[in-house]
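In: this one's sequence-less:
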């Protein structure tokens, strides 16, 4: 959930902690998913992803073209599109597919909640 919240805020980056990401790379990555950075993104505490959650984050990154969008912005994932990515890109079937899908839904809800908070004028 925290990875999705950070992603929704534009605060999640991958790579080595000692390698700062160039501003243009961050702006391009955010623009690819319809976000724009405002001001400097600073996080006091590092975010560590447990190894058992790497597969879920990899799937998350691959399904960012599958958001359904309404008048208020993103409303949730297009689940048939998600299923195609899981089957064709990751070759997921059975129990493993069910687990990844459940993890993806948790991240989806966290990102949607963060965007709703942002629309209401909430702070990070």
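Out: Sure thing, it's come through. In this text the structure is predicted, and so the values were computed from the model without any measurement.

In: rest of the way, CA atoms for contacts and neighbours
Out: Fine.

In: so where do the strands sit in the chain?
Out: 67-70, 73-77 (DSSP state E).

In: what's the closest of these to residue 83?
Out: Nearest of the strands of the chain to residue 83, taken as C-alpha to C-alpha: strand 73-77 at 10.5 Å.

In: residue 56: how many residues sit nearby?
Out: By other C-alpha atoms under 10 Å, 18 other residues sit near residue 56.

In: use 712 as the first number from now on
Out: Sure, I'll start numbering at 712, so the last one becomes residue 767.

In: helices and strands of the chain: which one has the lowest mean pLDDT?
Out: helix 734-743 (a mean of 69; mean pLDDT, DSSP states H and E).

In: residues contacting the nearest residue in space to residue 825 that is not next to it in sequence?
Out: The shortest distance from residue 825 to any non-neighbouring residue, by C-alpha to C-alpha, 6 or more residues apart in numbering, is to residue 716 (6.0 Å). Counting by C-alpha atoms under 8 Å, 6 or more residues apart in numbering, residue 716 makes contact with 818, 821, 822, 825.

In: return the distance of residue 716 relative to residue 808.
Out: 23 Å (C-alpha to C-alpha, to the nearest Å).

In: cool, residue 739 as well?
Out: Taking C-alpha to C-alpha, one finds residue 739 at 31 Å from residue 808.

In: what of residue 831?
Out: In terms of C-alpha to C-alpha, residue 831 sits 34 Å off from residue 808.

In: settle it for me: which of the two has more neighbours?
Out: residue 808 (16 against 9).

In: what pairs with residue 779 across the strands?
Out: Beta bridges link residue 779 to residue 787, judged by DSSP bridges.
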